[in-house]
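Enquirer: Sequence plus predicted model, see below.
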Amino acid sequence: MGIQTAEFISSPVPLGTAAPVFQKTFSSSKKVKRAVLELSALGVYEAALNGRRIGQFVLAPGWTSYRKRLQYQTYDVTELIRQDNTLTVGVGNGWCVGRLAWNGHSHFWSDETALIASLTLEYTDGSHEEIRTDSSWLSAPGAVLFSELYDGETYDARIQPSDWKPVKIFPFSKDVLIPQEGEEIREIEELKPVELIHTPKGETVIDFGENIAGYVRFKVKGNAGEAAELSHAEVLDKNGNFYTENLRSAKQKIRYICAGGEEIYQPHYTFQGFRYIRLDQWPGEVNLEDFTAVVICSDMKRTGFFECSNEKVNQLYRNVIRSQKGNFIDVPTDCPQRDERLGWTGDAQVFIQTATYNYDVRRFFRKWLHDLKADQFADGRVPYVIPAVLETDDSAADSGIKDDGEKNSSGWADAAVICPWQLYLAYGDKSFLAEQFESMKAHVDWIRQSGDNEFLWNTGFHFGDWLAIDCEEGERVGPTDVGLIATAYYAYSTSLFVKAGKVLGSDMTEYEELYKKIRREFNHQYVKGGKLTSDTQTAYVVALSFDLVDGPEAFAERLAQLLRENGNKLKTGFIGTAYLMTVLSKYGYDDIAYSLLLQEEFPSWLFSVNQGATTIWEHWDSLRPDGSMWSTSMNSFNHYSYGAVAAWMYSVMGGINPVESAPGYRHVLLRPVADPRIQFVNTSLETRYGIIKSSWKRNADGKVTYRFTVPEGSTATIVLGGKEEEADPGEYVYTL
Ligand code: BGC
């Protein structure tokens with residue numbers, strides 16, 4: 001019974017002509033008690049029973065490393081069953097068959113789209129019947145003439161599938177089928193246009209006010225054969241014209257051919273990253289109420305909230321949330337708009353702590369980490385992106401990109417260890433560690449045999465402090481020694497692996513010893529005369545964050561000095577920024593951390609807010625005050641990495657921190673740090689023990705009143721004014 005007994009079927013419709021529609025008609029002779037459909041596809045599907053859409057999963061079955069893991073979904077369709085039934089499923093290219101990455105490759109996991117389904121009918125008399133995909137199904141070209149995730153969709157509403165032909169059985173292993181693991185991608189919000197703009201170039205542009213990932217639903221009235229055509233963009237250029245250069249080769253174009261009459265359309269197998277649309281063709285008059293931007297995202301529960309007295313900081317926080325939504329579309333991606341949108345491990349690693357505060361990301365990351373484990377090379381290296389499309393292994397040999405033996409960068413590959421550990425801390429669930437333990441070990445073991453000596457990671461390619469401000473002109477890798485960063489990450493990953501092993505009750509002596517030696521070697525190689533050999537902000541951040549130096553106070557003071565000398569401005573990139581604020585607070589430099597947060601001059605978080613950002617940018621000056629842009633090719637306006645600052649907002653401004661010995665907030669450390677430049681902070685976090693609240697407010701007399709809620713089932717340590725207090729569930733108020 002079930003999907004395992006069905007066959008994958010593919011369509012006789014040639015690939016590249018139209019997205020196929022599959023169909024099966026059947027009658028149920030007896031009264032149906034329950035009807036359950038199991039369904040999956042190579043590609044992305046939309047299913048309907050008797051003309052009614054099944055489920056709400058957008059771009060189902062989501063994105064996994066399909067040759068190893070293919071999710072199927074289960075829908076209760078009892079309500080939709082009639083006596084005579086038609087089950088229809090359209091399948092678009094999606095991630096599995098469509099184009100991915102910037103190098104023109106497609107068909108990463110399959111050369112054709114295919115479908116697999118089984119519908120179990122349970123009759124009231126106790127008997128069962130099963131409708132499965134097999135050679136009796138029919139297929140015809142559908143109205144979707146073209147659809148690619150990056151490039152958009154062409155839809156001809158005049159087409160009704162009619163030329164039905166028998167399907168082919170498609171050879172694909174059923175062993176890889178797994179029940180849905182992640183969250184479903186759903187439509188989660190709708191936005192109405194805020195402005196109709198006529199640009200200097202004469203373009204008709206609609207502004208939705210926020211940079212999002214999703215698509216536009218529109219109502220159009222045209223004669224049969226007339227077309228509506230929309231382009232999508234994140235920003236306008238310095239003259240106020242529609243700007244698409246940063247999308248690189250991604251076309252993000254929707255073309256709809258009218259059937260005549262009033263029609264409503266939204267794309268089926270694609271999504272766009274955008275704030276603006278340009279109407280390249282539009283039949284009749286433009287009415288703003290005919291356009292709705294639909295936000296899509298993995299359907300995660302929001303758990304964290306933050307606000308403070310500074311409206312610009314609040315805008316920054318909202319931008320972090322928006323960038324998480326825009327990039328948590330089944331896989332944690334770098335960006336949702338250009339010809340990339342990939343599961344970059346480094347980005348996920350630096351952002352995961354923030355992600356766990358904002359949303360319940362357990363299912364989301366569990367699924368992705370399973371893909372990471374599945375795509376990890378046999379020798380332990382972790383691909384740059386998961387699902388792996390930038391390199392090959394045995395099962396993806398046809399992607400044409402050769403494994404050059406180097407696809408493994410520090411700070412990126414370490415996601416294999418850091419992500420499960422952060423999930424364990426935030427949710428207290430050991431299974432994250434147990435499930436990933438072998439993958440963590442393989443990562444550490446690979447590094448161990450790859451360096452010049454066992455205790456250094458100083459060979460191979462590394463992204464280093466990617467996109468750092470202190471990069472040489474035209475460079476993308478910052479000046480901090482990549483060997484220093486890599487060895488620091490090697491030590492960090494090993495230390496977390498040791499902790500994970502201990503939680504699971506394993507004997508970790510060997511790796512404890514290894515850790516000590518890596519730390520010693522780090523000091524030997526990278527500490528000279530009480531300073532780090534790279535005297536950069538990022539070098540101090542990693543050394544301090546990962547506890548690698550003795551007498552850390554002097555190193556922290558050097559970091560503080562570097563920041564002060566630079567006018568309280570950061571110089572960091574992806575690696576340094578992630579832990580910069582937390583390191584400053586760890587060593588008592590909260591005032592400098594606040595200064596960095598409140599800094600409005602370039603480079604800073606609020607610089608982007610002042611520039612009108614509604615999401616986190618890839619680069620500190622993605623858009624400059626004079627309207628110019630730092631780059632055309634590496635310039636995403638929806639890139640969450642630098643949003644890692646929100647973890648500091650929750651943990652230092654709000655003071656809510658998980659505790660390693662009682663993770664998942666069974667015990668919580670409440671340690672807010674107030675600053676005279678902020679009048680109040682309110683934070684809350686929903687945990688499995690209830691809602692933790694922490695807030696503070698500056699009174700007229702200059703004193704600060706702190707309020708905490710410790711939920712039932714949790715206990716807390718409250719740290720204020722240098723004093724510590726143990727707290728049971730309840731409400732607490734202090735003024736000092
Ligand atoms: C991505 C990043 C990623 C980086 C690797 C870029 O193209 O957008 O976010 O981490 O490459 O350095």
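Expert: Nice, I can see it.
Enquirer: Could you give the bridge partners of the residue positioned nearest the centre of the chain?
Expert: In the chain, the centroid-proximal residue (CA atoms, centre = their mean) is Pro332; its distance is 2.3 Å. With beta bridges defined as DSSP bridges, Pro332 has these partners: Phe328.
Enquirer: any weak-confidence spans in this protein?
Expert: Applying pLDDT under 70 to the chain flags residues 391-406.
Enquirer: from it, which residue is nearest to the ligand?
Expert: Proximity of the chain to the ligand (CB to the nearest ligand atom) peaks at Asp334, 3.5 Å away. Where you see a C-beta, it was placed from the backbone N, CA and C, and this is true even at glycine.
Enquirer: how many neighbours does that residue have?
Expert: By the criterion of other CB atoms under 10 Å, Asp334 has 21 neighbours.
Enquirer: and if you look at Thr572?
Expert: Thr572 has 25 neighbouring residues, counting by other CB under 10 Å.
Enquirer: Check Val541 too.
Expert: Neighbours of Val541 (other CB under 10 Å): 27.
Enquirer: For the nearest residue to the residue of the chain closest to the ligand once chain neighbours are set aside, name its beta-bridge partners.
Expert: In space, and not counting its chain neighbours, Asp334 is closest to Trp344: 4.4 Å by CB to CB, 6 or more residues apart in numbering. For Trp344, the beta-bridge partners are Val385 (DSSP bridges).
Enquirer: was I right about the residue nearest to the centre of the chain contacting Val350?
Expert: No. Taking contacts as CB atoms under 8 Å, Pro332 lies outside contact range of Val350: 10.7 Å.
Enquirer: Now do the same contact list for the residue of the chain most remote from its centre.
Expert: In terms of distance from the mean C-alpha position of the chain, Asp125 ranks first, at 47.2 Å (CA atoms, centre = their mean). When contacts are counted by CB atoms under 8 Å, 6 or more residues apart in numbering, Asp125 touches 30-31.
Enquirer: That one falls within a strand, correct?
Expert: No. Counting by DSSP: H, G, I helix; E, B strand; the rest coil, Asp125 is not part of a strand but coil.
Enquirer: Next up, phi/psi of it, please.
Expert: Here is the backbone geometry of Asp125 (degrees, to the nearest 10): phi -80, psi 10.
Enquirer: same deal with Ser298?
Expert: phi -60, psi 140.
Enquirer: Please verify my assumption that it contacts Glu187.
Expert: No. Between Ser298 and Glu187 there is no contact under CB under 8 Å: 11.8 Å.
Enquirer: Looking at the two, which has the bigger crowd around it?
Expert: Neighbours per residue (other CB under 10 Å) separate Ser298 from Glu187, with Ser298 holding more: 25 against 16.
Enquirer: how many neighbours does the nearest residue to the more buried one once chain neighbours are set aside have?
Expert: Closest residue to Ser298 apart from its sequence neighbours, by CB to CB, 6+ apart: Glu183 at 4.2 Å. Neighbour count for Glu183, taken as other CB under 10 Å: 22.
Enquirer: Wasn't Glu183 part of a helix?
Expert: No. Glu183 sits outside any helix when classified using three-state DSSP, being coil.
Enquirer: And it, how close does it get to Gln266?
Expert: Glu183 is 21 Å from Gln266, where distance means CB to CB, to the nearest Å.
Enquirer: just to revisit the earlier point, pretty sure the residue nearest to Asp334 sits against Tyr384.
Expert: Yes. Using CB under 8 Å, Trp344 is in contact with Tyr384, at 6.7 Å.
Enquirer: Quick check: neighbours shared by these two?
Expert: Taking CB under 8 Å, 6+ apart as the criterion, Trp344 and Tyr384 both touch Trp412.
Enquirer: Give me the more crowded residue out of these two.
Expert: Trp344 (27 against 22).
Enquirer: Could you list the contact residues of the stretch 251-400 of the chain toward the ligand?
Expert: Proximity of the stretch 251-400 of the chain to the ligand (CB under 6 Å from any ligand atom) is limited to residues 334-335, 340, 344, 346-347.
Enquirer: and the residue of the chain closest to the ligand, what does it touch?
Expert: 327, 340-342, 344, 347, 618, 636, 639, 641.
Enquirer: ok, so of the residues you listed, who is nearest Asp175?
Expert: Leu342 (26.0 Å; CB to CB).
Enquirer: So what's the residue count around the closest residue to the closest one other than its chain neighbours?
Expert: Spatial nearest neighbour of Leu342, excluding adjacent residues (CB to CB, 6+ apart): Val385 at 4.1 Å. Residues near Val385, counting by other CB under 10 Å, number 26.
Enquirer: same thing with Gly654?
Expert: When neighbours are counted by other CB under 10 Å, Gly654 registers 29.
Enquirer: Show me what from this protein comes close to the ligand.
Expert: 334-335, 340, 344, 346-347, 463, 466.
Enquirer: tell me the SS of the closest residue to Val294 other than its chain neighbours?
Expert: Residue nearest to Val294 in three dimensions, not counting chain neighbours: Gly214, with 4.7 Å by CB to CB, 6+ apart. Secondary structure state of Gly214, per three-state DSSP, is strand.
Enquirer: Same question for Glu190.
Expert: Following three-state DSSP, Glu190 is assigned to strand.
Enquirer: Which strand or helix spans Lys24?
Expert: Element membership for Lys24 (DSSP states H and E) is strand 20-27.
Enquirer: elements contacting that strand?
Expert: Contacts defined by 3 or more CB pairs under 8 Å, 6 or more residues apart in numbering; DSSP states H and E place strand 20-27 against strand 84-92, strand 138-141.
Enquirer: Need these in a markdown table (columns: mean neighbour count and distance to Leu623).
Expert: Formatted as a markdown table, the helices and strands packed on strand 20-27 follow (neighbours: other CB atoms under 10 Å; distance: least, CB to CB, whole Å):
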| stretch | mean neighbour count | distance to Leu623 |
| --- | --- | --- |
| strand 84-92 | 22 | 33 |
| strand 138-141 | 21 | 43 |
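Enquirer: all helices of the chain, in order?
Expert: 94-97, 311-327, 345-358, 362-375, 415-427, 431-448, 482-503, 509-526, 537-545, 552-565, 574-586, 590-598, 605-610, 645-648 (DSSP state H).
Enquirer: contacting residues around Thr88?
Expert: 21-23, 47-49, 51 are the contacts of Thr88 under CB under 8 Å, 6+ apart.
Enquirer: cool, and Val541?
Expert: Val541 neighbours (CB under 8 Å, 6+ apart): 559, 572, 575-576, 579-580, 583.
Enquirer: next one: Ala578
Expert: Neighbour list for Ala578: 349-351, 641, 644 [criterion: CB under 8 Å, 6+ apart].
Enquirer: now Val710
Expert: 668, 670, 692, 716, 727-730, 732.
Enquirer: just Ala646 next, same as before
Expert: 306, 317, 320, 354, 357-358.
Enquirer: redo that, cut-off 10 Å
Expert: By CB atoms under 10 Å, 6 or more residues apart in numbering, the contact list for Ala646 reads 304, 306, 316-317, 319-321, 323-324, 351, 353-355, 357-358, 581, 605, 616, 640, 653.
Enquirer: I'd like to know how far it sits from Leu596.
Expert: 14 Å.
Enquirer: List phi and psi for Gly126.
Expert: Dihedral angles for Gly126 - degrees, to the nearest 10 - are phi 90, psi -10.
Enquirer: so it makes contact with Arg34?
Expert: No. Judged on CB atoms under 10 Å, Gly126 makes no contact with Arg34 at a distance of 11.4 Å.
Enquirer: Comparing these two, which residue is more hemmed in?
Expert: More crowded of Gly126 and Arg34, by other CB under 10 Å: Arg34, with 14 against 7.
Enquirer: Give the closest residue to the more buried one in space, chain neighbours not counted.
Expert: Per CB to CB, 6+ apart, closest to Arg34 is Glu122, 4.4 Å.
Enquirer: Let me see the contact set for the one you found.
Expert: By CB under 10 Å, 6+ apart, the residues touching Glu122 are 32-36, 78, 128-129.
Enquirer: cutoff 7 Å now
Expert: Contact partners of Glu122, counting by CB atoms under 7 Å, 6 or more residues apart in numbering, are 33-34, 128.
Enquirer: Thanks a lot, catch you later.
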